[in-house]
Each structure stands twice: as structure tokens, then as C-alpha cells.
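# Give me the fold of what follows.
(2 chains)
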2 protein chains.
Amino acid sequence: MSLSTSVPQIFRAIDVIRKKRDGVELSRAEIEGLVNAYTKGEIPDYQVSAWLMAVVLKGMTRLETAALTDAMLHSGDVLDFASLPRKKVDKHSTGGVGDKTSLVLAPLAAAAGVAVPMISGRGLGHTGGTLDKLEAIPGFNVNLSVAEFRRVLEVCGCAMIGQTKEIAPADRKLYALRDVTGTVESPYLICASIMSKKLAEGIDALVLDVKTGSGAFMKSETDATFLAELMVETGERMGKQVVALITDMDQPLGNMIGNALEVVEVVEVLRGGGPEDLRELCLELAGWMLHLGGVSKTVAEGKLQSAKLISSGAALERFRQMVELQGGDARVIDDVKRLPQAQHSTQVACAKSGYLASMECEQIGTACVILGGGRERKEDSVDPAVGIVLHKKVGDRVAAGEAIATIYYNAEAQAARARQLIEASCAIADAAPATKRALIHKVIEHKVIGKSGEKN
Amino acid sequence: MSLSTSVPQIFRAIDVIRKKRDGVELSRAEIEGLVNAYTKGEIPDYQVSAWLMAVVLKGMTRLETAALTDAMLHSGDVLDFASLPRKKVDKHSTGGVGDKTSLVLAPLAAAAGVAVPMISGRGLGHTGGTLDKLEAIPGFNVNLSVAEFRRVLEVCGCAMIGQTKEIAPADRKLYALRDVTGTVESPYLICASIMSKKLAEGIDALVLDVKTGSGAFMKSETDATFLAELMVETGERMGKQVVALITDMDQPLGNMIGNALEVVEVVEVLRGGGPEDLRELCLELAGWMLHLGGVSKTVAEGKLQSAKLISSGAALERFRQMVELQGGDARVIDDVKRLPQAQHSTQVACAKSGYLASMECEQIGTACVILGGGRERKEDSVDPAVGIVLHKKVGDRVAAGEAIATIYYNAEAQAARARQLIEASCAIADAAPATKRALIHKVIEHKVIGKSGEKN
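Residues are numbered from 1 along each chain as shown, chains lettered A, B, ... in the order given. Take a look at the predicted model:
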């Protein structure tokens, strides 16, 4: 055996694992080495999962987080829409219950003159997913090639697809591994996963909707703020304009939960109606998209412009155009009964009179999953027709026997379990809640650059 | 999709990973489930490596450590020597440089009437291994079947072999994974690995030699003491008598380092000679083995008895008998020149006069590895002939130009690098060190049972 000093400097995963385990900051080269070698299959899952657990428990500095995001972004194709004259702006939500804003925002911002190349995900856990909602529209194709995606974007200013094999392959591989090794719950890994995919869209700016409350992945506002600041800073380190809104997910957004039902509510909002909270959040997010997209001087002006594009019907027409271009049956817009319909419905009645004091929002999401409207495992398929319509929201007065919600279902046993969950999740109080949670908790607009090597 | 409540309770590795990640104490059933499923190949390496990293960073309670040891022990065969009328006692060292006490102790304790069924390991990193030393004796077979092991033990009272496939297979699989995932350095995992293998020997008592200092894996006495207490308590929880001696490894033990050279020094000690530190440690450890083995009332009496068995030649004859029974050429005992000899030797001279103030003991061990006397990777083979003989120990007076050590080697380039390391590892001071480190730092004899659920 000889320990030659002239051994070439090769990448050794074990060294990177040990450094992270011991709390030493990794260099950009070390992080790139790990991500590239893993993407190419040169280092095994068992080394990467040990590293991921060390990251979960030891954290990352801002520089490490940016380096990880960058390495994951460049593990695959980065789309280039520079030839489009408009600014490219996207919106991303960290996931919630009844959150259908993407379907409103893409055509709305496009109608205002912003290009929205949106790559979305599917529902997982108790949350819904944009792709599942779009697929509730008969014929809608979310699996466009990059060339088709570009064409739809050029023609109508927005296009909505799922992640392709070419986009951030490192994220797909890492996410699958995190999912089975208890390493999902790290703001650093969540940030790198989200930002690498979004920046691969070739966008100029990004509006982040970071949810907080009982229906969010980040239940506490502290955790949500931490993740939001991390994403804003990481995006800005990579030369993009990023803003994050911390928004409420302590009860479902809007009244409808379930894929086809949510399309119904999207159409309502695009027609100028819909529930107040959903409409307000859409306008707020649209205001930011228009502002960052350079079509409005201020966010307030962007909101006003967005409201006008809804009133005029321009936003709805843009939605119709996108549905048609992506192969969907646009007749559902004028006749929502053409959307998949559940066979049965049943009401959940209130046991006593009083005020709806709170809702365990994650339980409502889980009730929809149980009905078949979401998926626990990635390979599960969803039933687009089922879901829940809420007749009461937090703070509303309720009378004994009055309907709080209607369940739309295709199997009795599932409906019975969903009913139990909904009943258990609603707390009725004698008095109205003293304070109402704000819809927009805060906006993180400016970058928060930490010192090099700073942790947390 | 249905989330039936009647799903049978199956073992889910992900739940155990998450609990450990979040610092929740695992139950015995959860630890057994993980170890058994992994041994059977039912859960993948990548889940276990994430769990191992969580253990490294979150630690284990005493109950978890005992449960892990027990699960690993029962993953394979547990030898049963109950039919032997003598008490079965073994000794285990955590590894050092020049540590050849096992080769002295097994025949010495056997000569006193204790049965020593010793399963040992090979050198790894900068440390030597008992099996490599034994194999320096031409013909010596460390790969006996369990039946042959038993026969040698019955005939001469001691036998020394390597780990068989049937003994603690979970440890072999886990150790291989820890080695490549940066999860070796955890006292809880080290404890479970050592104790599961040792208790599988079917012993009644165990003497642990936990090394501390610059040549040990546990450099600090605090870490060594923590590991020692953990092993003593774990052994006692499993119904065994266990004692741990914290002993010095701030310089090599004895004067000779290298496999054949160490056999020479073993024969010297068994003939009543040999260096003082090696002889003293052998008598101390033997005293404990005889005491725990029930053949001496006190440790002091056991030491005295051991010294007599050396003076009488009984211990050396027992060594000769074991070598013959295991196929070795016993003529080496009377003529050590029959052991493998290096082709060349060269002296390392002292640059200036003064006192040898300290030695970087790990560097001396690494110098021997570089000569070919140890292995960096498990699959490397060793050269039994090469090694280092020290002419000076810490505290000795040295004159400029005087030989500190002699290097025995078979390749010039290796000798040159070993020389550099030895020179760099020796610090020469004008005055003698004010204090001399004790050989035996402390003895941990009584169990240290922590509260259930206690951490650290």
C-alpha cells in the first residue's frame, strides 16, 4: 500500500458529509461536486441521504444555500425566453388548502402584458396541486414539450406545465430521496428545491406566496418568515427580483376544495365574483407580478389594473385561450357542469349555535384527500370530481343544524370519514373571535444578506 | 385512494428516522424492527444511513443503546460455551499503536484457569489489529469454524479468531455503511458495535481497555470516559460483568510497531522481559481478567498470579500450544528470526540534544501504515515484516545524532515518508517533561445506570 502525496484531488463524498456533520461551512466547489456527482449517478443514495440528514440537523449558511440552489438549477436545462419582448414573472406558493390562485394569476398577468412561464407541481399530503386542478378540465395537457410550452407562451402570454425531465434533474432525484429518508423538513433544502425549479423557467422576477397557519407546511409565522427571507435572499444572490408575501392558511382559501370545484371558483373570480379572501389575495399577488413585470409603477397601480382586466373580461378570455391552446375543453368556462361531477353530496351540519371560532385547516385538506381528491403517495391518482364546499368561514355566525359544508363524494365510506374530520376540525364558540387574522401577514421585499458564513 | 384505519401496524423505517431526527426516544421494538429489517435486506441502505446520521447528531439514551446492542447481538449466532467448566472472560481494546496485549493476555489468562474465546479484528486507519499480528506467524489460521474454535478453546483454554459470518451480521452490515457515510464517530454506535460482537462470544465477563491520547480514536479523556461508562452500563444491563480501564495512548505501547515485530515483543513479555509499560499494562489487564474469571479474589492477587505464570514459563507454553493448535509455526517462539524479516533498515536520528517531550502517536501509527504494515482500506493486504522500533520514549534524554527509532522497510520511498513522519512527530525540549502521564488513567468498575430516557 502506498499513500502517495501526488494522488490527484478527486471529489470525495465522505469528506463533504463529515464536514457538514461537524458544522463546517462547505465551499461552492464541494456542493457542486456533490450535486453533480449525484445527478450523474456517481455517488450512491446512502451517502447523499446521510449528508441530507446532516443538513437538516446542522443547517446551512446563506452562501451554502445559494450554492446548492445554483448547482441544482444548473443540473439540467435552464429555459431561455430572452427573445420574448415581455418580462417573465412567475408566482409560487408553498402549498395550502383551496389555494387556486395560480389559475387566476397566470392569465390575469398575461392579459396585463407580463409573460408567465409557469411550471407547477401536483398535490402532496393534505395540499392540492395546480396540475391536478388544471387536469380537472377535460383534455387539458400539462405535459407539453419545451417547444410547445414556448409556443403557448408566445401566443397567449402564459402557459402552465409540469416539471419536465430536463428541468433541475438533481431536484427530482434529491426530492425522491428526501421523501423516504425524513429529510424533507429543512428550510435550506426546501428553498433550494423551490428556487432551482423556478429559476430554471428563465424568469426575471418571482412572487412567492409563503403560507402560514394550520393548513400550511410552515405552521408558525416564524418558520414561514425564515423560509421566505431565505428564498428572497437566495433569488437575489442569483440576480433575480424576488418578493415574498406571508399569507394566511389558518383556514382554506376561498370556499371550494377539490380539483373541479376549484376550477369553478377560479372562473367565478375571473368573472368578477368569487369569495372575498380569494379575490383579495389574487389581486394582491397580481399587483406584485405586474409591478415586478414592469407594467405598473406601483403594486397598488398593479392591483387596480388587475381589477380592471377582470371587470373587462380580458383575464377570463386569456384563460379561455390558454385552455384551448393546451388542448382543454374551454366550454367548461361557460358551463361549469361540464366539469367532472361527483355522484353524491351530503351536508355537514353544525351541532350547536354560536360562531365558527377556528378550523383545523390541515384536517379539511386531509378530508379532501380521503374523498380521493388528493394523493398521499406520488403514484396515487386523483378523483377530480370530489371535494368540499364551505358555507361558513372563521368568524361567521352559525345556527344549530345549519350547514357548515357540503361534501361531494363518490364513495360512502370516504364521505363518512371526511365528515368526521370536518366536524372535528370546526370549533364553535359562544362569541365571535376577538381578532381576525389578516390575509396578508407581511411582505418581504428587500434582500436580507447575512454575513458570509452566518448560520440561520 | 383510501386511508383505511384498519391498515395493519407494519414497521415503517421513515417513522423511526423522523423520531430520531426530532430527538424522540425510540422504543426497543422500533430499534429491533430497524436492525432486523436491515439485516434481512428489507430496508435500503439510504434509509439506514439517514438514521445513523441522526443518531450521530442527536445521540441515544442508555435504554436505546442497550436495545441497539441487543438487537445487533441477536441478529446472528450467539456462541454457547456453557459446557466448559471455566468462566469465559475476554478483553477488548478500542485500538492503538503498538498495542499487542491480546496476544499476551489470552494464553496468560488461560494458564490461570480462565477460558478466553477471543474474536478480534484487523487494523484499520493508523491502528494495528490482532488478526494481522497473529498472521505474522507463518501458518497461523484465524479463520477457524465455530467447531474448531471450540476445540482449541477446550484443549488450551484460549483461541483467537476473526469475526465469522454468523456472528452479529447486523454489525458487519452497519459498520460497512458507517464507514462510507461519515457515521463512525458516535459513542453510542461504537458501543453497540463492540458490545454486540463481544457478547456474541458467549462470555461471562469482559475487560475493556479504552485508549485515550494522541494515538487513540478517543483523543480526549472525557470522550474515552464517556464511551467506557456507556459500554460498562450496556454490558451490565445485558447481565455481564464489565470493567473498563482508561489507559494511555499518547505514545506507542511498548517499543515495537509492526506485525512481526510485535510478535517478537509479545514473546519477550511472555519470557518475563519486554518494555516496562507493555508489561505493566498486561499484568493490570490480566489481574482484572483473573478476578472477573473467579480465579483470584482481588485484582492485586490476579496480577501477582499472572506474574508468576510468566516467571514459570506456563504462559509462554500456553501461547506455544495455541499457535500449534491454530496451525502456526511455533518454532518462531524460540527463534524469532523465523518471523518475516524486512530487507532493509535505517535509523532515525535526533536533530538536537534534550529530552523527548512528546510523540504524535497517530503519526507513528500512520508511518507504519505507509511502510505497508497497516491498511487504509479494508481490502488492502499488509506486509508483516515492516515496522518501527523505538529506542526512546517520552521523558527520555536524547543526544544530537542519537537514534530515536529504527525503520524496517521493503521500499525506499515508503521509508523516506515514514522517516519524515517520525521526525515530525517527535518534539525535543530542553528540560524533561514536568509530569509523566499515568499508564492507567482510571478504572470504571461500577455500572452508571442513568434514569430511563436520560440523554448523554
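
# Does A:Ser49 touch A:Asp179 like I think?
No - with contact defined as CB atoms under 8 Å, A:Ser49 does not reach A:Asp179; the gap is 10.9 Å. Every residue, glycine included, has its C-beta placed from N, CA and C.

# So the two - more neighbours on which side?
A:Ser49 (30 against 14; other CB atoms under 10 Å in any protein chain shown).

# Report the inter-axis angle for whichever strand or helix holds the more buried one versus helix B:45-58.
Using DSSP states H and E, A:Ser49 sits within helix A:45-58. Between the axes of helix A:45-58 and helix B:45-58, defined by axes from the mean of the first three to the mean of the last three CA atoms, to 10 degrees, the angle is 30 degrees.

# and the closest residue to A:Ala349 other than its chain neighbours, how many neighbours does it have?
Closest residue to A:Ala349 apart from its sequence neighbours, by CB to CB, 6 or more residues apart in numbering or on different chains: A:Gly401 at 5.3 Å. A:Gly401 has 11 neighbouring residues, counting by other CB under 10 Å.

# Report the secondary structure state of A:Gly401.
coil (DSSP: H, G, I helix; E, B strand; the rest coil).

# ranges for the helices of the stretch 51-200 of chain A?
Under the criterion DSSP state H, counting those that start in this stretch, the stretch 51-200 of chain A carries helices at the ranges A:62-73, A:101-112, A:130-135, A:146-156, A:169-179, A:187-199.

# Which residues are in contact with the most centrally placed residue in chain A?
Closest residue to the average C-alpha location of chain A: A:Ser93 at 3.1 Å, with CA atoms, centre = their mean. Contacts for A:Ser93 (CB atoms under 8 Å, 6 or more residues apart in numbering or on different chains) come out as A:99, A:101-102, A:208-211.

# Which one of the helices of the stretch 51-200 of chain A lies nearest to chain B?
helix A:169-179 (6.4 Å; CB to the nearest CB).

# Now do that closest one and helix A:187-199, the angle between them.
Using the same axes, to 10 degrees: helix A:169-179 against helix A:187-199 is 150 degrees.

# Helix A:169-179 near chain B anywhere?
Yes - Helix A:169-179 comes into contact with chain B (CB under 8 Å from any CB of the partner chain), by way of A:Leu177.

# That helix: how far from the chain's middle?
Computed by CA atoms, centre = their mean, to the nearest Å, the chain-centroid distance of helix A:169-179 equals 17 Å.

# Wasn't A:Thr247 part of a strand?
Yes - with three-state DSSP as the criterion, A:Thr247 is part of a strand.

# To what extent is it buried, counted in neighbours?
29.

# can you pull the pLDDT of it?
On pLDDT, A:Thr247 comes in at 98.

# Could I get the contacting residues of it?
By CB under 8 Å, 6+ apart, the contact list for A:Thr247 reads A:209-212, A:281, A:439-441.

# What about those residues, which are in helices?
A:Leu281 (DSSP state H).

# For the stretch 101-250 of chain A, give me the ranges with low pLDDT.
Scanning the stretch 101-250 of chain A for pLDDT under 70 picks out nothing.

# Up against chain B, what does it have?
Counting by CB under 8 Å from any CB, the residues of the stretch 101-250 of chain A near chain B are A:177, A:180-183.

# in the stretch 351-456 of chain A, what residue is nearest chain B?
Closest point on the stretch 351-456 of chain A to chain B, by CB to the nearest CB, is A:Asp380, at 4.7 Å.

# now A:Ala115: how far from chain B?
Using CB to the nearest CB, to the nearest Å, A:Ala115 is found at 36 Å from chain B.

# I misspoke; the intended subject was A:Gly274.
From A:Gly274 to chain B the distance is 29 Å (CB to the nearest CB).

# Produce a PyMOL select command limited to the buried residues of the contacts of A:Thr247.
Buried subset of these, written as a PyMOL selection, criterion 16 or more other CB atoms under 10 Å in any protein chain shown:
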select buried, chain A and resi 209+210+211+212+281+441
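
# related to what we said a few turns ago, tell me which two of the contacts of A:Ser93 sit farthest apart.
Pairwise distances across the contacts of A:Ser93 peak at 14.6 Å for A:Ser102 and A:Val210 (criterion: CB to CB).

# State the distance from A:Gln326 to chain B.
26 Å.

# for that residue, phi and psi?
Main-chain torsions, A:Gln326, degrees, to the nearest 10: phi -100, psi 20.

# how deep is it tucked in, by neighbour count?
23.

# Please name the residues that touch it.
A:134, A:140-142, A:144, A:152, A:159-160.

# Skipping adjacent residues, who's closest to A:Lys100 in space?
A:Glu262 (4.2 Å).

# That neighbour should be in a helix, yeah?
Yes - judged by three-state DSSP, A:Glu262 forms part of a helix.

# helices or strands up against the strand or helix carrying A:Ile407?
With secondary structure defined by DSSP H and E, A:Ile407 is part of strand A:403-409. Strand A:403-409 sits against strand A:344-349, helix A:361-371, strand A:387-390, helix A:412-425, with contacts defined as 3 or more CB pairs under 8 Å, 6 or more residues apart in numbering or on different chains; DSSP states H and E.

# and B:Val16, which of these is closest to it?
helix A:361-371 (23.0 Å).

# any idea of the angle the closest one forms with strand A:403-409?
30 degrees.

# which other helices and strands contact helix A:361-371?
Taking 3+ CB pairs under 8 Å, 6+ apart as the contact cut, helix A:361-371 packs with strand A:256-257, strand A:387-390, strand A:403-409, helix A:412-425.

# Just checking: what are the partner strands of the first one?
Each strand that strand A:256-257 pairs with, and the sense of that pairing, follows from DSSP bridges: strand A:387-390 (antiparallel).

# Return the residues of the stretch 251-400 of chain A in contact with chain B.
Checking the stretch 251-400 of chain A against chain B by CB under 8 Å from any CB, the hits are A:369-370, A:372, A:375-376, A:380-382.
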